[in-house]
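Peer 1: sequence plus predicted model, see below.
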Amino acid sequence: MTASEMGIPQLAILTKVDEAFPEVEQNMDKVDKFSLLLGLSPNCIFLVRNYHTEIHTNDNMNALILSAVKQMIFFGEDFVNKK
């Protein structure tokens, strides 16, 4: 039995997408392409950047990461509360 058959929420957090697909920074419609590839709804796919060369934190990057974590918690709470 798969996770989707069991009703377990599935999310994808994609990192370094800007390096693999430079056009993503200008065109967030690429999420639709990832959605088809992964078989997930676009609202379950989160594009985040890693801190790998930055010395200082960046509020915009932090907001993306925290938003993804917040949504993971919400999806998890919804799943647990349904049981």
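Peer 2: Perfect, thanks for sending it. Residues are numbered from 1 along each chain as shown.
Peer 1: mind listing what's buried in the lowest-mean-pLDDT helix or strand in the chain?
Peer 2: Lowest on mean pLDDT, DSSP states H and E among the helices and strands of the chain sits helix 17-20, with a mean of 72. Residues V17 are the ones in helix 17-20 that count as buried (16 or more other C-beta atoms under 10 Å). Yep, even glycine has a C-beta here, placed from its N, CA and C like the rest.
Peer 1: against Y51, how distant is L64?
Peer 2: L64 sits at a distance of 12 Å from Y51 (criterion: C-beta to C-beta, to the nearest Å).
Peer 1: compare those two (neighbour count), which wins?
Peer 2: L64 (16 against 12; other C-beta atoms under 10 Å).
Peer 1: I'd assumed the more buried one was in a helix, is it?
Peer 2: Yes: assessed with DSSP: H, G, I helix; E, B strand; the rest coil, L64 lies in a helix.
Peer 1: which residues touch G76?
Peer 2: P9 (C-beta atoms under 8 Å, 6 or more residues apart in numbering).
Peer 1: where does the chain dip in pLDDT?
Peer 2: Low-confidence segments of the chain (pLDDT under 70): 18, 21-29, 83.
Peer 1: wouldn't K16 be in contact with N50 here?
Peer 2: Yes: under the criterion of C-beta atoms under 8 Å, K16 makes contact with N50 at 6.2 Å.
Peer 1: shared neighbours of the two, anything?
Peer 2: By C-beta under 8 Å, 6+ apart, no residue touches both K16 and N50.
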